[in-house]
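Undergrad: Just the structure for this:
(one chain, ligands or ions: 1)
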Amino acid sequence: MNILEVNNVSKSFGSKEVLDGLDLSVPTGSIFGFVGGNGAGKTTTMKLILGLEETSKGDIFVSGEKVTFGNTKTNRITGYLSDVPEFYNYMSAEEYLSFCGEITGLTKENRKQKIKETMALVGLEGNKKRIKGFSRGMKQRLGIAQAMLNDPELLICDEPTSALDPEGRNEFLELLASLKGKMTILFSTHILGDVERICDYVGILHEGKLKVSSSIEELKQIYAKPQIELVFDETADFTALAAELHALKKQESITEVESVKGRNQVIITYNKGYAETAGLLLENFKANKMMPVSLRKMNPSLESIFLEVIQ
Ligand SMILES: Nc1ncnc2c1ncn2[C@@H]1O[C@H](COP(=O)(O)OP(=O)(O)OP(=O)(O)O)[C@@H](O)[C@H]1O
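TA: Presented below is the predicted three-dimensional model:
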């Protein structure tokens, strides 16, 4: 079951086509990383899902209900954290949330309890400071609290971590991950490490279309190139070593040898089992008295997959 379906959606601004027949399905309960370079159309897609922009073609459904341009009813079950959230800096977090609750129609009795619960959930419990004194990370957490006031089934966050320092990012990602099971989260980013850390699905947007959409595990299996990384110490005779390894290429299991000279590193691509190939390499090194200081089975990174997909 998919909470979000974007079907063949195109969007142009004047003569500029940003989305070109975009199809996107977000499974209910997932944390979905929506990845794309600068200007790929991530914010535009999110605005279309929220009915803030009008599609030039195609339809969008949230929980089976069609999104309409303008004040779409589907927003009662969506929450949104924009890429640059704006706050009233003279207010405290509680005052700000109370204000947001009031304008979104939360009753006074419900509001108090809901704000207390939400502030606790985002780690701002009992915080009386004015927003003016908040760090960026605290502001993002307040932004999430605001987006969660209506108990959304779908939480949409636009590049929520890009302005945060590593510590703030870490805390924020933990917060998002802790919401799993409570709601579906769609978040856009170009920080692939963030997707790798907390998402179970990823969609890669490029040139107006979704180039790839699958679970991270599946993606890694599809793009996995079996590789071993070897590192030698500085005293190793790298030229002799490279020659030796290239000679090994004649062996069936080794298909590519790539030496990174300045770093004394060699990447071996192979097509048989890991144990067999590592064994073959070690035997050869032993015979030639050239032991590496490290031998590591490499796992494909999302970054390398992304670069391959958008080539
Ligand atoms: N209202 C608008 N009028 C004209 N062009 C627009 C409008 N909104 C977005 N665009 C253009 O559409 C393209 C996609 O923008 P969008 O903000 O959706 O990309 P993005 O993937 O979110 O990028 P970033 O990662 O840089 O935020 C850009 O070229 C942008 O200039």
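Undergrad: C-alpha from now on. contacts and neighbour counts both.
TA: OK.
Undergrad: Tell me, please, the helix or strand in this protein that averages the lowest pLDDT.
TA: Of all the helices and strands that make up the chain, helix 238-248 has the lowest average by mean pLDDT, DSSP states H and E, namely a mean of 75.
Undergrad: Residues contacting that one, please?
TA: Contacts to helix 238-248, defined as CA atoms under 8 Å, 6 or more residues apart in numbering, come from residues 254, 257, 259, 261, 264, 290.
Undergrad: likewise stretch 96-116?
TA: Contacts to stretch 96-116, defined as CA under 8 Å, 6+ apart, come from residues 87-88, 94, 125, 145-146, 149.
Undergrad: contacting residues around the residue in the stretch 201-311 of the chain that the ligand sits nearest to?
TA: Using CA to the nearest ligand atom, the single residue of the stretch 201-311 of the chain nearest to the ligand is L205, 8.1 Å away. Counting by CA under 8 Å, 6+ apart, L205 makes contact with 34-37, 40-42, 211-212.
Undergrad: Just give the closest residue to the spatially most central residue of the chain, not the sequence neighbours.
TA: Centrality entry for the chain: nearest residue to the mean C-alpha point is V195, 2.9 Å, by CA atoms, centre = their mean. Spatial nearest neighbour of V195, excluding adjacent residues (CA to CA, 6 or more residues apart in numbering): G33 at 5.6 Å.
Undergrad: that's a strand at that neighbour, yeah?
TA: Yes - assigned with DSSP: H, G, I helix; E, B strand; the rest coil, G33 falls within a strand.
Undergrad: Go ahead and confirm it touches C199.
TA: Yes - with contact taken as CA atoms under 8 Å, G33 and C199 are classed as touching, separated by 5.9 Å.
Undergrad: neighbour count winner among the two?
TA: Under the neighbour definition other CA atoms under 10 Å, G33 and C199 were set side by side, and G33 has more, 29 against 23.
Undergrad: pLDDT score for that one?
TA: At G33 the predicted local distance difference test score is 96.
Undergrad: Quick check: which ranges of the stretch 51-200 of the chain have low pLDDT?
TA: Along the stretch 51-200 of the chain, the model assigns pLDDT under 70 to no residue.
Undergrad: mind listing the strands for it?
TA: 57-62, 65-66, 78-81, 154-158, 184-189 (DSSP state E, counting those that start in this stretch).
Undergrad: Contacts made by the third one with the rest, please.
TA: Contacts of strand 78-81 from elsewhere in the structure, counted by CA under 8 Å, 6+ apart, are 50, 143-144, 147-148, 150-158, 160.
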